[in-house]
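Undergrad: Predicted model and sequence below, questions to follow.
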Amino acid sequence: MHHVLNALFVVGIAVCFAFLYTIRPGAEGRRPTKRQLAGLLVIGAVIGVVFLATSSLYAPPPVAA
């Protein structure tokens with residue numbers, strides 16, 4: 001179940017990245033092609049993986065009870 005949540009997070013970040021790229025200021029009237037959109041989704045997925053890989057980088061170590 002944990003891996004499913006991580007996968008959904010990565011897909012969500014990829015979709016948000018591609019969507020925000022298409023609605024950015026100055027992009028009115030210029031729609032990305034399917035190839036560009038696929039590239040944006042790949043870049044967004046890489047960003048999501050980096051988020052997951054570095055999420056515990058600054059977490060405090062577990063305290064022994």
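TA: Structure's in. What do you need?
Undergrad: can we go C-alpha only for contacts and neighbour counts from here?
TA: Fine.
Undergrad: ok, I13 to V50 distance?
TA: 11 Å (CA to CA, to the nearest Å).
Undergrad: what about these two, which has more around it?
TA: I13 (21 against 12; other CA atoms under 10 Å).
Undergrad: Show which residues not belonging to stretch 12-19 make contact with it.
TA: By CA atoms under 8 Å, 6 or more residues apart in numbering, the list of residues contacting stretch 12-19 from outside reads L37, L40, L41, V42, I43, G44, A45, I47, G48.
Undergrad: Now it: buried residues?
TA: G12, I13, A14, V15, F17, A18 (16 or more other CA atoms under 10 Å).
Undergrad: Which two of those have the greatest separation?
TA: G12 and A18 (10.0 Å; CA to CA).
Undergrad: Quick check: which element contains N6?
TA: helix 2-22 (DSSP states H and E).
Undergrad: Which SSE is immediately downstream of that helix?
TA: Using DSSP H and E, the next helix or strand after helix 2-22 towards the C-terminus is helix 34-53.
Undergrad: how close does H2 get to S55?
TA: According to CA to CA, H2 and S55 sit 14 Å apart.
Undergrad: For those two, indicate the residue with more neighbours.
TA: Legend: neighbour count by other CA under 10 Å for H2 and S55, higher for S55 (10 against 6).
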